[in-house]
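[1] What would the 3D arrangement of this be:
(one chain, ligands or ions: 1)
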Amino acid sequence: MINIVLFGKPGAGKGTQAEFLKGKYNLTHLSTGDIFRFNIKNDTELGQLAKTFMDKGDLVPDEVTIQMLQSEVDKNPHSAGFLFDGFPRTIAQAEALDKFLESKEQNITATVALEADDEILVQRLLERGKTSGRPDDQDEEKIRNRYQEYNEKTAPLMQYYNAQGKFYAVNGIGSIEEVTERLSKVIDNL
Ligand SMILES: Nc1ncnc2c1ncn2[C@@H]1O[C@H](COP(=O)(O)OP(=O)(O)O)[C@@H](O)[C@H]1O
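    Numbers count the residues shown, from 1 in each chain. Down below sits the predicted model:
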């Protein structure tokens, strides 16, 4: 069983790469962003709560996100492994995930980061915003706020996983296939 955290700044290509990796390694893909958006679309209680944070580019509170993620994992008891995309995003989430997996006699195998320059990513997101319909992609101020959230709350996770000897980084700039190839090399060597 392998459990991979796909790590990277907003727009780094996590969702795109996850689409390829989940099939290749037979993993259950859990994107917290996608799950929140699904709930917003269906106007659930969780969606209404998450929307107030997401629309501003703020993180959704940890308790809400952690609980949701755990229930998604529990919905897939026969999974051969998970690909976590957009989670964890804070140290509290990473600690909760470690504890939760430990209670199931599992752990995170590796965290793989997609690296890319902020200015390239902001342009990518603004481009995506033209067609995605995502309010958080359509306004440069909201995008900048997501980067601030990332730098303050998410970036420290690199150190967290590095201290566990589980952190790997690949260059996220290149064609989709090139980046998939780089990620696969890391995963194949785990
Ligand atoms: N693990 C998480 N913790 C808190 N909020 C989250 C988490 N995952 C997603 N979100 C919320 O959903 C938004 C969109 O997330 P995501 O789709 O992963 O987009 P991106 O990485 O492109 O910013 C985030 O800005 C945040 O508001």
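[2] Run through the residues of this structure sitting next to the ligand.
    10-11, 32-33, 36, 53-54, 57-60, 65, 86-87, 89, 93, 136, 146 (CB under 6 Å from any ligand atom). Glycine gets a C-beta too; all of them are placed from N, C-alpha and C.
[3] Can you select the buried ones from those residues in ChimeraX?
    Restricted to buried positions by 16 or more other CB atoms under 10 Å, the ChimeraX selection for the residues of the chain next to the ligand reads:
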select :10,11,32,33,36,53,54,57,59,60,65,86,87,89,93,136,146
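[4] Give me the subset of the residues of the chain next to the ligand lying in strands.
    Of the residues of the chain next to the ligand, none are assigned to strands by DSSP state E.
[5] so where's this protein shaky on pLDDT?
    Along the chain, the model assigns pLDDT under 70 to no residue.
[6] Now the residue of it found nearest the ligand: closest residue in space, sequence neighbours ignored.
    Minimum separation of the chain from the ligand (CB to the nearest ligand atom) falls at Gly33, amounting to 1.9 Å. Excluding the flanking residues, the one nearest Gly33 by CB to CB, 6 or more residues apart in numbering is Gly86, at 4.7 Å.
[7] Help me confirm that the one you found comes into contact with Ala12.
    No: with contact defined as CB atoms under 8 Å, Gly86 and Ala12 do not form a contacting pair (10.5 Å).
[8] Residue nearest the middle of the chain, spatially speaking?
    Gly86 (1.5 Å; CA atoms, centre = their mean).
[9] show me the contacts for that residue.
    Counting by CB atoms under 8 Å, 6 or more residues apart in numbering, Gly86 touches Lys14, Ser31, Thr32, Gly33, Asp34.
[10] all helices of the chain, in order?
    Using DSSP state H, the helices of the chain run over 14-25, 32-41, 45-54, 62-74, 91-102, 118-132, 140-149, 156-163, 176-188.
[11] If you count neighbours, what's buried in the fourth one?
    Residues of helix 62-74 classed as buried under the neighbour-count rule (16+ other CB under 10 Å) are Asp62, Thr65, Ile66, Met68, Leu69, Glu72, Val73.
[12] Please apply the same query to the shortest one.
    Along helix 156-163, the positions that meet the burial threshold by neighbour count (16+ other CB under 10 Å) are Leu157, Tyr160, Tyr161.
[13] go on, the third one?
    Of the residues in helix 45-54, those scored as buried under the neighbour-count criterion (16+ other CB under 10 Å) are Leu46, Gly47, Leu49, Ala50, Lys51, Phe53, Met54.
[14] got the CA positions of that helix in PDB?
    C-alpha atoms of helix 45-54 as PDB (Å, rounded to 0.1, in the frame of the first residue of the first chain):
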ATOM      1  CA  GLU A  45     -24.100  22.500   4.700                       C
ATOM      2  CA  LEU A  46     -20.300  21.700   4.300                       C
ATOM      3  CA  GLY A  47     -20.400  23.500   1.000                       C
ATOM      4  CA  GLN A  48     -22.000  26.600   2.400                       C
ATOM      5  CA  LEU A  49     -19.400  26.800   5.200                       C
ATOM      6  CA  ALA A  50     -16.400  26.200   2.900                       C
ATOM      7  CA  LYS A  51     -17.600  28.700   0.300                       C
ATOM      8  CA  THR A  52     -17.200  31.700   2.700                       C
ATOM      9  CA  PHE A  53     -13.500  30.900   3.000                       C
ATOM     10  CA  MET A  54     -12.700  29.600  -0.500                       C
END
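[15] Good, wrapping up.
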